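In: give me a 3D structure for the following:
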Amino acid sequence: MPRIRHLAWSGLLVIVAAALWRNLPRLAPGMLDWAEPGNVAAALAQGRGFSDPFGGGTGATAWVSPLPAWIEALVFLAFGVKSAASAKALLVLTVLGLGAANALLVAAMEPFGAWAAAAASASFLAYATLVPSGPLEVLSEAWLDILLSATLLWAALGAARNPRGRAGAALVAVSLLAPLDNAGLAAAAALVLLAIAWPLRRDPRALAVPTAAAAAALLVVSAWTWRNASALGRLIPLKSNFWFEFHLANVDSPDGLPRTEAVLRALPYFDPGQFARYAALGEAAYIDSFRAPSLAALRADPLHFAGNVLRRATDAAVFCRREGGGAFTRAQLDPTDVARLAAAGELLAAGASGAYWTRIDAPPGRQRALFASLGLKDGPSAWGDWALKRLAYDQAYRGPLALAAGYVTAGVPVAALLLAALLCSGRPPPPAAWAAAIGFGMLLPFVLVNHNERHQLPLIAMQSAAIGAFAQAAASRLRRASGSP
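Out: As a prediction, this is how the structure comes out:
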């Protein structure tokens, strides 16, 4: 227990220091990017209900998961809608959530050895604080996903030993919350419940906890489905935007891994034309408009879709591509030049906050020639900003550290899992096995539909558990080889 407390408190101090480092003297820009959950939270706080994911009073929605939006709405009620104070409060919640996740991870790993707990905690802190575009510099629900996944791991390990203890109660609680957070966590919780219930299938009393957890999940999914049916006129168990995401990744994107240009031109949050269509049709009809072309593309070339799934699986398990080919700019360019660049597909306005260069990874020579051919009024300014953003892009995503991050956030934990199993005679140790099951569930919906680094970030607790299990297995093997007790 003292070791757990030490690692938990020291981990929290590291996360606090990292949050200050990334957000002083002012909040990182990503902490003020409210996106769709923030728009829904604003609607809730202002009394408009669960609605308007892209602003503009478009009406009821199921585009985003409810739990993160509800939490943001409570923060908005206390500190102001989309205010700097609210951003700071959400950063504090992120720090506390990550600190609690680290403590739960240490508690889950500690029974398997000191190396398991220490290595898992060190890995978790490195993932949470050092990986670019992490939860301490980009406002997202990743901290909540990480916390719930760590709770699920701790509960699974505890309930497998004693389903009637505290871990059983935690399993029921996390099964209730997981479907409200995202589909991946819902799938992970379902896998855990099945794995716990199967060995107990002949003991009705022992099945009480997994049965109660499954009932809690079914209850909350039913309640949310009923709400969606009432608000949107159709049965939507979790989120409404399946066909949109499917189309974006498998029709709009040639390789199944959407790049910035495809996202910016498809998402109503960025594209005025798409927003107008979304607002005119309503959410349900707008989503339905992607169903037929998606199915037609799938029927026309099922092998291409299978290749997309394989590429997404590789992205998740070998090398996670951490760039999308675009770059945000706040440069004040000539309005006529902005219009010409936008018409050429090079720039996409993002309201008063700035714009996006959509092809920042294009060959510089080709881009310079293109800019010259557009007859820009202030071509040097446009080209200069593009070139500066390109240099920053290359530094962030194409240097040695950036390439290493792609493997560290995907292939390294998978290798640790396989090596841990190898060192344990082909059978992964319990924490690694449970972490693998949870991680598989968290990834499954996104590998099948649309995966990117945003879906990889919530895995850090499970990845750290795999690394901790490998460290313990290696230490145990070395100890046995040396003849130590």
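
In: going along the chain, name the strands of the stretch 201-350 of the chain.
Out: Per DSSP state E, counting those that start in this stretch, the stretch 201-350 of the chain carries strands over the ranges 327-329, 347-349.

In: off-centre distance for the first one?
Out: Relative to its chain's centre, strand 327-329 lies at 21 Å (CA atoms, centre = their mean, to the nearest Å).

In: burial count for residue 281?
Out: 14 (other CB atoms under 10 Å). Yep, even glycine has a C-beta here, placed from its N, CA and C like the rest.

In: likewise residue 277?
Out: Neighbour count of residue 277, defined by other CB under 10 Å: 14.

In: that one reaches residue 286, doesn't it?
Out: Yes - under the criterion of CB atoms under 8 Å, residue 277 makes contact with residue 286 at 6.5 Å.

In: returning to what we had before: please identify the most buried of the strands of the stretch 201-350 of the chain.
Out: Most buried of the strands of the stretch 201-350 of the chain, by mean neighbour count (mean count of other CB atoms under 10 Å): strand 347-349, with a mean of 21.

In: which neighbouring elements make contact with it?
Out: Judged by 3 or more CB pairs under 8 Å, 6 or more residues apart in numbering; DSSP states H and E, strand 347-349 is in contact with helix 335-343, strand 355-357.

In: try it again with 6 Å
Out: Helices and strands touching strand 347-349, by 3 or more CB pairs under 6 Å, 6 or more residues apart in numbering; DSSP states H and E, are strand 355-357.

In: could you pull up the mean pLDDT of the strand it packs on?
Out: Averaged over strand 355-357, pLDDT sits at 89.

In: same thing with stretch 236-250?
Out: Averaging pLDDT along stretch 236-250 yields 95.

In: just the endpoints, please. Distance across it?
Out: Its start and end residues considered, stretch 236-250 measures 22 Å (CA to CA, to the nearest Å).

In: likewise for stretch 276-289?
Out: Using CA to CA, one end of stretch 276-289 lies 14 Å from the other.

In: for stretch 447-464, same thing?
Out: Stretch 447-464: ends 20 Å apart by CA to CA.

In: buried residues, it. List them.
Out: Going by neighbour count (16 or more other CB atoms under 10 Å), the buried part of stretch 447-464 is 447-453, 455-464.

In: next: stretch 300-313.
Out: Counting neighbours by 16+ other CB under 10 Å, one finds that the buried residues in stretch 300-313 are 305, 308-309, 311-313.

In: between the residues you listed, which is nearest residue 39?
Out: Nearest to residue 39 out of those is residue 312 (CB to CB; 27.4 Å).

In: which one is that closest one nearest to, not counting chain neighbours?
Out: Spatial nearest neighbour of residue 312, excluding adjacent residues (CB to CB, 6 or more residues apart in numbering): residue 451 at 4.2 Å.

In: so who does that neighbour touch?
Out: Residues in contact with residue 451 (CB atoms under 6 Å, 6 or more residues apart in numbering) are 312, 315-316.

In: now residue 249
Out: The contact partners of residue 249, taken as CB under 6 Å, 6+ apart, are 256, 258, 450.

In: between the residues you listed, which is nearest residue 362?
Out: For the contacts of residue 249, the nearest to residue 362 is residue 258 (16.9 Å; CB to CB).

In: now that closest one: phi and psi?
Out: Residue 258 adopts backbone torsions of phi -60, psi 140, taken as degrees, to the nearest 10.

In: would you mind putting the buried residues of stretch 300-313 into CSV with distance to residue 334 alongside?
Out: As requested, the buried residues of stretch 300-313 are exported to CSV (distance: CB to CB, whole Å):
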residue, distance to residue 334
305, 43
308, 40
309, 44
311, 40
312, 40
313, 45
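
In: so which of these are in helices?
Out: 305, 308-309, 311-313 (DSSP state H).

In: of those residues, closest to residue 209?
Out: Ranked by distance to residue 209 (CB to CB), these are led by residue 313 at 32.6 Å.

In: how about that closest one: what's its closest non-neighbour residue?
Out: residue 447 (5.2 Å).

In: who touches stretch 97-105?
Out: For stretch 97-105, the external contacting residues (CB under 6 Å, 6+ apart) are 8, 11-12, 15, 120-121, 124, 128, 143, 146-147, 150-151, 154, 461.

In: what's the most distant pair in the buried residues of stretch 300-313?
Out: Using CB to CB, the two most remote members of the buried residues of stretch 300-313 are 305 and 313, lying 12.8 Å apart.

In: what sits in contact with each of these two?
Out: Residues touching both residue 305 and residue 313 by CB under 6 Å, 6+ apart: none at all.

In: report the contact partners of residue 76.
Out: Residue 76 makes contact with 41, 45, 86, according to CB under 6 Å, 6+ apart.

In: ok, and the most crowded of the residues you listed?
Out: When neighbours are counted by other CB under 10 Å, residue 41 leads the contacts of residue 76 with 27 neighbours.

In: quick one: contacts for it?
Out: 69, 72-73, 76.

In: name the element it belongs to?
Out: helix 35-45 (DSSP states H and E).

In: list the buried residues for that helix?
Out: Buried, per 16+ other CB under 10 Å, within helix 35-45: 35-45.

In: of those residues, the lowest pLDDT goes to which?
Out: Lowest pLDDT of the buried residues of helix 35-45: residue 35, 90.

In: not counting residues beside it along the chain, what's closest to that one?
Out: Closest to residue 35 by CB to CB, 6+ apart is residue 269, at 6.8 Å.

In: and the one you found, how many neighbours does it have?
Out: Neighbours of residue 269 under the rule other CB under 10 Å: 18.
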